[in-house]
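Trainee: need coordinates for the below:
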Amino acid sequence: MHEALFQPLKMGALEARNRIFMAPLTRGRAADPMFVPNAMMGQYYRQRSGAGMILTEATGISREGLGWPSAPGIWSDEQTEAWKPIVEGVHEEGGLITLQLWHMGRIVHPYFLDGNPPFSASATTAPGEAHTPEGKQPYAEARAMTHDDIKRTIEDYRRAAENAKKAGFDAVQLHGANGYLVDQFLRDSTNLREDEYGGSPENRTRFMREVLEAIIDVWGVDRTGIRLSPNGETQGTDDSDPAATFGAAAKVIEELGLAFLELRQPGPDGTFGATDVPKQDALIRSLYSGALILNSDYGPEEAAEDVKSGRADAISFGRPYISNPDLEKRIAAGATINPNKDVPKSWYFPIPEGYIDYPTMEEEKAAETAA
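Mentor: Residues are numbered from 1 along each chain as shown. Prediction:
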């Protein structure tokens, strides 16, 4: 019934054993010290290593680019060393693991920057409130990045990519989605620049291109991917003509020859708000010839159908992998997929509950037998 999901997939130099991928999921477990990965995270990823490819939680490339409590980073030697056993654990289980490189741009609260403002493509302010260790606080207005800021940030991406390679990851993915820094450059509601980084859709893709080129210098195109969210407003970031903007982005990605492109296309109950605008995957599929991964609100039947039809080459599952560490085995067996019943506290609070205590099918059967 779901045979299409269990065919191997070649993406550049990567070979996934199935097409059920684990989507990036911020979980906030890198606590004490903050931003450094830990053994609990290693257990979490090892449990889910049966996925065709794990795309890690968003991981900060620099201190000034990370504003989420207890999210991991990859800018320091300590962080890099701490990632190594996590990656080794996934490899010991025969899995692939790709690091997602993250800069939050204007979404970073001054709390994380010693009181200084964050920066973005332009001087804009995100709506709503930021999560900080001292509770929720209103976002601050970002300052517009100077050319020196842009160059320095590109080098931060390069350094983070080098550290990811030292840590042993199989590939890296640039986080270009969900209203974070790359997305803030791409879309015209947050990119008000009048220089070569603003204006036309082609100019607004320039920052993304230059970051990708720096990453490719480290990893090669055959182990580099990107995530985009081309559908509607997300964290206050929107675009007046998404087809033009993301069509231009897809052309850059095709020209560079990236190994894979993941699109987040949430349904009406998506994490970052409702989206009822037309989806752009067909347009992007027509412009990009590499492996296309679709994400958000998929069930096994729809996932298998979209892979079988050629709409996508793989599907990345997010929340189902939280409560089903062996999701791919459950799909293969036609078994029950446990719902994610937990409140966001267990998604993001740095405790083992709601993180590494979900049972596999085998553990469920053993518990039933014991009872």
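Trainee: all strands of the stretch 1-150 of the chain, in order?
Mentor: Secondary structure of the stretch 1-150 of the chain (DSSP state E, counting those that start in this stretch): strands at 9-11, 14-16, 20-22, 54-60, 97-102, 119-120, 129-132, 135-138, 143-144.
Trainee: how much distance is there from the last one to the middle of the chain?
Mentor: The one in question is strand 143-144. Mean C-alpha position of strand 143-144 versus that of the full chain (CA atoms, centre = their mean, to the nearest Å) differs by 25 Å.
Trainee: tell me which residues of the lengthiest helix in the chain are tucked away?
Mentor: Selection of the longest helix in the chain by residue count, based on DSSP state H, yields helix 147-167. Buried residues in helix 147-167, counted by 16 or more other CB atoms under 10 Å: 150, 153-154, 156-165, 167. C-beta coordinates here come from the backbone N, C-alpha and C atoms, glycine included.
Trainee: can you convert the strands of the stretch 1-150 of the chain into a markdown table and add a column each for distance to Arg29 and mean pLDDT?
Mentor: Below are the strands of the stretch 1-150 of the chain laid out as a markdown table (distance: least, CB to CB, whole Å; pLDDT from 0 to 100):
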| stretch | distance to Arg29 | mean pLDDT |
| --- | --- | --- |
| strand 9-11 | 28 | 98 |
| strand 14-16 | 25 | 98 |
| strand 20-22 | 15 | 98 |
| strand 54-60 | 9 | 98 |
| strand 97-102 | 15 | 99 |
| strand 119-120 | 27 | 98 |
| strand 129-132 | 14 | 92 |
| strand 135-138 | 19 | 94 |
| strand 143-144 | 31 | 98 |
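Trainee: and those strands: which comes nearest Glu302?
Mentor: Of all the strands of the stretch 1-150 of the chain, strand 20-22 sits nearest to Glu302, with 12.7 Å by CB to CB.
Trainee: so which of the strands of the stretch 1-150 of the chain gets nearest Pro339?
Mentor: Per CB to CB, nearest to Pro339 of the strands of the stretch 1-150 of the chain: strand 20-22, 17.5 Å.
Trainee: other SSEs contacting the closest one?
Mentor: Strand 20-22 sits against strand 54-60, strand 314-317, helix 327-333, with contacts defined as 3 or more CB pairs under 8 Å, 6 or more residues apart in numbering; DSSP states H and E.
Trainee: parallel or antiparallel, list what pairs with the second one.
Mentor: What that stands for is strand 314-317. Within its sheet, strand 314-317 is paired with strand 20-22 (parallel), strand 291-295 (parallel), according to DSSP bridges.
Trainee: any idea which of the ones you listed is most buried?
Mentor: Per-stretch averages of neighbours, counted by mean count of other CB atoms under 10 Å, single out strand 20-22 among those, with a mean of 29.
Trainee: pull the residues that contact that one.
Mentor: Residues outside strand 20-22 that contact it (CB atoms under 8 Å, 6 or more residues apart in numbering): 5-6, 48, 51-55, 293, 303, 314-318, 321, 327-328, 331.
Trainee: rewinding a little: starting at the chain centroid, how far to the longest helix of the chain?
Mentor: Taking CA atoms, centre = their mean, one finds the center of helix 147-167 at 17 Å from the center of the full chain.
Trainee: returning to what we had before: ok, so of the buried residues of helix 147-167, who is nearest Ala126?
Mentor: Thr153 (18.0 Å).
Trainee: can you pull the pLDDT of the closest one?
Mentor: Thr153 carries a pLDDT value of 98.
Trainee: do the one 5 residues further on as well
Mentor: At Arg158, the predicted lDDT confidence score is 98.
Trainee: what's the distance between the nearest residue to Ile86 once chain neighbours are set aside and Ile61?
Mentor: Excluding the flanking residues, the one nearest Ile86 by CB to CB, 6 or more residues apart in numbering is Gly42, at 4.2 Å. As judged by CB to CB, to the nearest Å, Gly42 and Ile61 stand 21 Å apart.
Trainee: between those two, which is the more surrounded one?
Mentor: Per other CB atoms under 10 Å, whichever of Gly42 and Ile61 has more neighbours is Ile61, with 29 against 20.
Trainee: that one and Leu101 touch, don't they?
Mentor: Yes: between Ile61 and Leu101 there is a contact under CB atoms under 8 Å: 5.4 Å.
Trainee: low-confidence ranges, the stretch 151-300 of the chain, go.
Mentor: Low-confidence segments of the stretch 151-300 of the chain (pLDDT under 70): 266-277.
Trainee: mind listing the strands in it by residue range?
Mentor: Using DSSP E, counting those that start in this stretch, strands in the stretch 151-300 of the chain cover 171-175, 224-228, 260-264, 291-295.
Trainee: quick check: Pro117 vs Gly198, distance?
Mentor: 19 Å.
Trainee: for stretch 211-224, give me every contacting residue.
Mentor: Applying CB under 8 Å, 6+ apart, the contact partners of stretch 211-224 are 12-14, 101, 153-155, 157-158, 161-162, 165, 170-174, 182, 226, 252-253, 256-259.
Trainee: again, but for stretch 146-165
Mentor: Contacts for stretch 146-165 (CB under 8 Å, 6+ apart): 59, 61-62, 65, 74-75, 79-80, 83, 99, 101, 103, 119, 145, 172, 174, 181, 195, 197, 207, 210-211, 214-215, 217-219.
Trainee: please repeat the previous calculation with a cut-off of 7 Å.
Mentor: Outside stretch 146-165, the residues that touch it by CB atoms under 7 Å, 6 or more residues apart in numbering are 61-62, 65, 74-75, 80, 99, 101, 103, 119, 172, 207, 210-211, 214-215, 217-219.
Trainee: CA atoms only: put stretch 215-226 into PDB for me.
Mentor: Extracted C-alpha coordinates of stretch 215-226, given in PDB (Å, rounded to 0.1, in the frame of the first residue of the first chain):
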ATOM      1  CA  ILE A 215      28.300  26.300   2.300                       C
ATOM      2  CA  ILE A 216      29.000  24.600  -1.000                       C
ATOM      3  CA  ASP A 217      32.700  25.600  -0.800                       C
ATOM      4  CA  VAL A 218      32.800  23.400   2.400                       C
ATOM      5  CA  TRP A 219      30.400  20.500   1.500                       C
ATOM      6  CA  GLY A 220      30.000  20.500  -2.300                       C
ATOM      7  CA  VAL A 221      26.600  20.700  -3.900                       C
ATOM      8  CA  ASP A 222      26.000  17.000  -3.600                       C
ATOM      9  CA  ARG A 223      25.700  17.200   0.200                       C
ATOM     10  CA  THR A 224      24.000  20.600   0.500                       C
ATOM     11  CA  GLY A 225      20.200  21.300   0.600                       C
ATOM     12  CA  ILE A 226      17.800  24.000   1.600                       C
END
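Trainee: thanks again, I'm all set now.
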